[in-house]
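just to be clear, the model below is a prediction. Sequence and coordinates:
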Amino acid sequence: MLGKTYLTKQASLLLKFARTTSDPNLSAKLISKAADLKSQADPLPDKDQGPVAPDVSPDKQPGT
């Protein structure tokens, strides 16, 4: 599953490309895709949470 940060960054890049193109059809398609990515990102938590390795304990410091 893609994270909120990734989806938001991709949407931002699509909007940037949409502003730079002179083709109105391409611009509209890029904006539409950016809106799709944003709608996918909205329900996700603000911080991307990846899996934690099984040998990592967040409570303990190494060597203790």
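Thanks, I have the structure now. Numbering: from 1, shown residues only.

any idea which helix or strand comes after the strand or helix carrying residue 9?
Under the criterion of DSSP states H and E, residue 9 resides in helix 4-20. Per DSSP H and E, helix 4-20 leads on to helix 24-41 as the next helix or strand towards the C-terminus.

what's that following helix in contact with?
2, 4, 7-8, 10-12, 14-15, 17-19, 21 (CB atoms under 8 Å, 6 or more residues apart in numbering). All C-beta atoms are positioned from the backbone trio N, CA, C, and that covers glycine.

farthest pair within those?
Farthest apart among these by CB to CB are 4 and 21. That separation is 26.3 Å.

more neighbours: which of those two?
More crowded of residue 4 and residue 21, by other CB atoms under 10 Å: residue 4, with 17 against 12.

contacting residues for residue 2?
Counted by CB under 8 Å, 6+ apart, residue 2 has contacts residue 40.

and it, how far from residue 24?
In this view, residue 2 and residue 24 are 29 Å apart by CB to CB, to the nearest Å.

nearest residue to residue 14 in space, ignoring adjacent ones along the chain?
residue 34 (4.0 Å; CB to CB, 6 or more residues apart in numbering).

hmm, back to that, just the CA atoms of the helix holding residue 9, as CSV, please.
Provided in CSV are the C-alpha atoms of helix 4-20 (Å, rounded to 0.1, in the frame of the first residue of the first chain):
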residue,chain,number,x,y,z
LYS,A,4,0.1,9.4,2.3
THR,A,5,3.4,11.2,1.8
TYR,A,6,4.1,9.4,-1.5
LEU,A,7,0.6,10.0,-2.8
THR,A,8,0.7,13.7,-1.8
LYS,A,9,4.1,14.2,-3.4
GLN,A,10,3.0,12.6,-6.7
ALA,A,11,-0.2,14.8,-6.7
SER,A,12,2.0,17.9,-6.2
LEU,A,13,4.3,16.9,-9.1
LEU,A,14,1.3,16.4,-11.4
LEU,A,15,-0.1,19.8,-10.5
LYS,A,16,3.4,21.3,-11.2
PHE,A,17,3.5,19.6,-14.6
ALA,A,18,-0.1,20.8,-15.3
ARG,A,19,0.9,24.4,-14.7
THR,A,20,3.9,24.1,-17.1
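
that'll do, ta.
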